[in-house]
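Peer 1: Need a 3D model of the following:
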Amino acid sequence: MNKRILIVDDSAPTRGLVREFLESRSGFEICGEATDGNKGVERALELRPDVILLDFSMPQMNDLRAALIIHQTEPNTPIILFTFYKDVISSRLAQAVGVTSVISKSDLLPTLADEIQMLTAHPN
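Peer 2: Residues are numbered from 1 along each chain as shown. Okay, here's the model as predicted:
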């Protein structure tokens, strides 16, 4: 069965790149996209994806607030925070709001598929 993934990022080129990469590999399905934190929370609750890819810096609602709300309602859904600012994000803070993993956007594509497989094979 395919892993259903929700992409939440305000950058259309980033969403497109991630979508294209994951859909080119077997076992992944993009079930939805959102352009800001508010829409990301709505789509997560509506679609109930297997994994959520969440951008660090977004309009409307920031990433950590969105992760907290999603985690409170869907505590078993892995949330991967992806950012260019990995070095400034406290892993303790990210985990406290429900983020399962933090990946640098510069490393995103090489590590993303493996990270999703790992997180969905051994859910929290």
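Peer 1: Show me what the host helix or strand of residue 7 is in contact with.
Peer 2: Using DSSP states H and E, residue 7 sits in strand 3-8. With Cβ atoms under 8 Å, 6 or more residues apart in numbering as the test, strand 3-8 has contacts from 15, 18-19, 22, 27-37, 39-40, 43-44, 47, 49-55, 58, 66, 116-117, 120. To be clear about C-beta, it is placed using only N, CA and C from the backbone, and glycine gets the same treatment.
Peer 1: Output the helix or strand hosting residue 16 as CSV, nothing but the C-alphas.
Peer 2: Here residue 16 sits within helix 12-23, counting by DSSP H and E. The C-alpha coordinates for helix 12-23 follow below in CSV (Å, rounded to 0.1, in the frame of the first residue of the first chain):
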residue,chain,number,x,y,z
ALA,A,12,4.9,26.2,-5.3
PRO,A,13,8.3,25.2,-6.8
THR,A,14,9.2,23.3,-3.6
ARG,A,15,5.9,21.5,-3.5
GLY,A,16,6.2,20.6,-7.1
LEU,A,17,9.8,19.3,-6.7
VAL,A,18,8.8,17.1,-3.7
ARG,A,19,5.7,15.9,-5.5
GLU,A,20,7.6,15.0,-8.6
PHE,A,21,10.4,13.2,-6.7
LEU,A,22,8.1,11.1,-4.5
GLU,A,23,5.7,10.2,-7.3
